[in-house]
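1. Any chance you can model this:
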Amino acid sequence: MPIPREKIERRALKAGIRASKRRHHVVSLEELLALKIQIVPASVRIFAVLAGAGLIAGAWFEWPSARNLVCGLEAVAGIFTALFGIFGVRRTLSGLLDGAGEVVVEILGEIAGALFDSF
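-> Presented below is the predicted three-dimensional model:
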């Protein structure tokens, strides 16, 4: 399922503003395309952290089974689920825009314009 254009623009703009403030100049087109954008929605990430914490708690309290193998698998699954929720999945802007054709120029123009307006 592709990410809607508006979300890509909003996330790229946020990442561009952060990168510009860190570097003390407006990022160039190459720097903008190299920025990593979070592609997992915040609600999914929050759910993953809570589910991971629930799995870890279940392993700690030996639920649903007191067998060591079950508790160990539950704890490992909880750790990986929580880490996925914490870090999510990031892709470079150039990777997200591959194959988008002429829309890429329009999107990058809007992002660059908004970046210059913010400084």
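2. shaky segments in the protein?
-> Applying pLDDT under 70 to the chain flags residues 1-2, 99-104, 118-119.
3. for the protein, what spans make up the helices?
-> Per DSSP state H, the chain carries helices over the ranges 5-23, 29-34, 42-60, 68-87, 93-97, 103-118.
4. Can you give me the distance of the residue most central in space within the chain to Phe47?
-> Closest to where the C-alpha atoms of the chain average out (Cα atoms, centre = their mean) is Gln38, at 2.3 Å. Remark: distance between Gln38 and Phe47 (Cβ to Cβ, to the nearest Å) = 15 Å. Where C-beta positions appear, they are placed from N, C-alpha and C, glycine not excepted.
5. Name the residues that touch stretch 24-34?
-> 12, 16, 19-20, 23, 35, 92-94, 97, 108, 111-112, 115-116, 119 (Cβ atoms under 8 Å, 6 or more residues apart in numbering).
6. The same query, at a cut-off of 6 Å, please.
-> 16, 19-20, 92-94, 115, 119 (Cβ atoms under 6 Å, 6 or more residues apart in numbering).
7. Equivalent analysis for stretch 112-119, please.
-> Residues contacting stretch 112-119 (Cβ under 6 Å, 6+ apart): 13, 16-17, 26.
8. What residues of it count as buried?
-> Buried positions in stretch 112-119, judged by neighbour count with 16 or more other Cβ atoms under 10 Å: 112, 115.
9. C-alpha coordinates for it, CSV please?
-> Extracted in CSV, the C-alpha atoms of stretch 112-119 (Å, rounded to 0.1, in the frame of the first residue of the first chain):
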residue,chain,number,x,y,z
ALA,A,112,11.8,22.9,-1.4
GLY,A,113,9.5,25.9,-1.6
ALA,A,114,8.2,25.2,1.9
LEU,A,115,11.7,24.7,3.2
PHE,A,116,12.8,28.1,1.8
ASP,A,117,9.7,29.7,3.3
SER,A,118,10.4,28.3,6.7
PHE,A,119,13.9,29.9,6.9
